[in-house]
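J.: coords please:
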Amino acid sequence: MSRSAGGGVPRVLHLQSTFAAGGKERRTVELINAFGRGLHHTIVSAEPDRLEAAEGIDRNIPVVLQPDFPSLKGTPLPGRLMKIARAMKDYDLVLTYNWGAMDAVMAHTMFSEALTLPPLIHHEDGFDESELYKRKRSRTWYRRVALGKASGLVVPSETLEEIALVDWQQPLGRVKRIPNGIDTKAFAMRPKPEAFRLIKRKGEKWVGTLAGLRKVKNLPALVRAFAPMREEWHLVIIGEGSERDAIQTEIDRLGINHRVHLPGSVKDPSRVIGLFDMFALSSSSEQFPLSVIEAMAAGLPVVAPAVGDIPHIVSDENREFLSAPGNEDDLSALMRALADNEKAQKAIGEANRARAQAQFDRERMVATYRRLYSSAMRREF
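T.: From the prediction side, this is the model:
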């Protein structure tokens with residue numbers, strides 16, 4: 001029996017593959033803040049030292065961060081999975097995220113009836129570098145079995161929805177496609193330069209990106225694509241992660257340290273992203289990147305590979321600046337062409353802002369998640 005069975009605040013357990021400041025983590029933070037004190041949250045990361053996203057959670061909301069909990073990593077033997085399942089018992093809802101939490105999903109399916117576990121909803125936002133170009137058959141089968149008793153499988157993109165239905169053989173009623181949304185009004189506000197640790201000097205132009213520094217983001221490629229741009233252009237890469245040294249090595253090799261900046265992560269991207277003049281991605285794989293929507297809401301043009309749902313996210317005017325996937329030369333040429341066309345920058349930015357406000361505002365996303373979670377728990381919050 002859950003601790004809130006007597007009518008108290010529902011207790012939600014978040015089992016994250018990581019809680020670094022990436023897109024899915026920022027969405028989790030957005031939802032936690034939007035739900036306010038109506039839920040009590042416990043967050044566990046498969047990477048216990050990657051918890052940067054928690055800095056964005058409203059301090060007035062009750063959150064337990066990285067408590068004593070069985071590791072989400074390891075061989076999925078029955079004894080280990082039983083320990084994970086038992087640790088779920090005192091909650092009203094379990095939310096799992098990406099492959100890094102799939103053992104917890106399997107534990108729930110194996111022991112939910114025996115232990116009377118709370119409902120579980122899994123969220124899938126994309127693939128790590130091991131499945132960039134070809135999905136692993138072993139993981140496909142594991143997902144099929146593990147998701148067997150989930151109350152829902154949430155995906156943000158059309159691509160992932162098709163994979164869930166066809167490859168993972170999930171029933172139509174279980175798969176929920178919920179596009180990512182943001183507070184478009186916050187991103188539309190004029191940024192305050194003093195709110196950022198990096199000073200934008202007079203005459204400088206910034207290409208910016210916001211990403212977890214992971215291999216899938218392919219940020220050394222963005223550094224190479226940026227290098228031929230005119231001297232007044234600077235590249236600002238906001239984020240933290242394991243690939244920081246690899247990115248810095250490429251910066252050093254090209255001798256552009258004075259024009260490429262790695263200021264780390266930021267607590268509130270809405271106060272910074274508007275300082276950019278252009279937003280760029282170089283990812284090998286994406287599904288429905290939150291950072292692209294944030295850039296659009298801030299009135300920025302976007303240069304990125306045409307991967308995942310990005311061609312469907314940006315405005316019609318922006319699509320000609322999407323490069324062929326994996327083509328650094330194409331990405332570089334598009335960045336330079338847009339940098340040379342201030343009129344296009346402004347027109348595309350305005351079109352992107354209008355599209356973000358019309359299609360991807362946070363309120364629609366929050367309402368949909370609220371209905372889904374309430375339905376799973378069979379109680380309103």
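
J.: Show me what counts as buried in the helix ranked longest in the chain.
T.: Using DSSP state H to assign secondary structure, the helix with the most residues in the chain is helix 342-359. Within helix 342-359, the residues scored as buried using 16 or more other Cβ atoms under 10 Å are A344, Q345, I348, G349, A351, N352, R353, R355, A356, Q359. For glycine as for every other residue, the C-beta is placed from the backbone atoms N, C-alpha and C.

J.: Could you dump the residues you listed into TSV with pLDDT and distance to V307 added?
T.: Rendered in TSV, the data for these read as follows (pLDDT from 0 to 100; distance: Cβ to Cβ, whole Å):
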residue	pLDDT	distance to V307
A344	97	22
Q345	98	22
I348	98	19
G349	98	22
A351	98	21
N352	98	18
R353	97	23
R355	97	19
A356	96	19
Q359	92	19
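
J.: Which parts of the stretch 101-250 of the chain are strands?
T.: Counting by DSSP state E, counting those that start in this stretch, residue ranges of the strands within the stretch 101-250 of the chain are 120-123, 152-155, 175-177, 205-210, 233-238.

J.: Could you export those as a markdown table, including mean neighbour count and distance to E320?
T.: What follows is the strands of the stretch 101-250 of the chain, written out as a markdown table (neighbours: other Cβ atoms under 10 Å; distance: least, Cβ to Cβ, whole Å):
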| stretch | mean neighbour count | distance to E320 |
| --- | --- | --- |
| strand 120-123 | 25 | 32 |
| strand 152-155 | 23 | 28 |
| strand 175-177 | 18 | 27 |
| strand 205-210 | 22 | 18 |
| strand 233-238 | 22 | 20 |
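
J.: Identify whichever of the ones you listed lies nearest to V307.
T.: Distances from V307 to each of the strands of the stretch 101-250 of the chain were compared using Cβ to Cβ; the minimum, 14.5 Å, belongs to strand 205-210.

J.: OK, contacts around the residue nearest to P289 when sequence neighbours are not counted?
T.: For P289, ignoring the flanking residues on the chain, the nearest one in space by Cβ to Cβ, 6 or more residues apart in numbering is G23 at 5.7 Å. Applying Cβ atoms under 8 Å, 6 or more residues apart in numbering, one finds that G23 lies in contact with D125, N180, G212, P289, L290, S291.

J.: What backbone torsions are found at the first one?
T.: Right, D125. As for D125, its main-chain torsions (degrees, to the nearest 10) stand at phi -110, psi 0.

J.: and it, what does it touch?
T.: D125 touches G23, K24, Y97, N98, V155, P156, L160, Q287, F288, counting by Cβ under 8 Å, 6+ apart.

J.: List only those of those residues flagged as buried.
T.: Applying 16+ other Cβ under 10 Å to these, the neighbour count classes G23, K24, Y97, N98, V155, P156, L160, Q287, F288 as buried.

J.: T249: neighbouring residues, count only.
T.: The burial count assigned to T249 is 13, neighbours taken as other Cβ atoms under 10 Å.

J.: Not counting sequence-adjacent ones, nearest residue to it?
T.: Taking Cβ to Cβ, 6+ apart, and ignoring the residues beside it in sequence, T249 has P220 as its nearest neighbour in space, at 7.8 Å.

J.: do the same with R259
T.: H234 (4.9 Å).

J.: Next one, pLDDT for the one you found please.
T.: Confidence per residue is given as pLDDT, and for H234 that number is 98.

J.: Show me the beta-bridge partners of it.
T.: Counting by DSSP bridges, H234 forms beta bridges with W206.

J.: In this structure it contacts H261, no?
T.: Yes. In this structure, H234 is within contact of H261 by Cβ atoms under 8 Å, at 6.5 Å.

J.: which residues does R135 contact?
T.: R135 makes contact with F127, I163, D167 under the criterion Cβ under 8 Å, 6+ apart.

J.: Can you select the buried ones from the residues you listed in PyMOL?
T.: Written as a PyMOL command, the selection of buried residues from the contacts of R135, which uses 16+ other Cβ under 10 Å, is:
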select buried, resi 127+163
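
J.: can you list the domains in this structure?
T.: As assigned by automatic domain parsing, the chain contains the domains 11-181+362-377, 184-359.

J.: For the longest one, what is the distance to the chain centroid?
T.: Which is domain 11-181+362-377. Here domain 11-181+362-377 shows a centroid-to-chain-centroid distance of 13 Å under the convention Cα atoms, centre = their mean, to the nearest Å.

J.: Endpoints of that domain, how far apart?
T.: With Cα to Cα, to the nearest Å as the measure, the ends of domain 11-181+362-377 fall 10 Å from one another.
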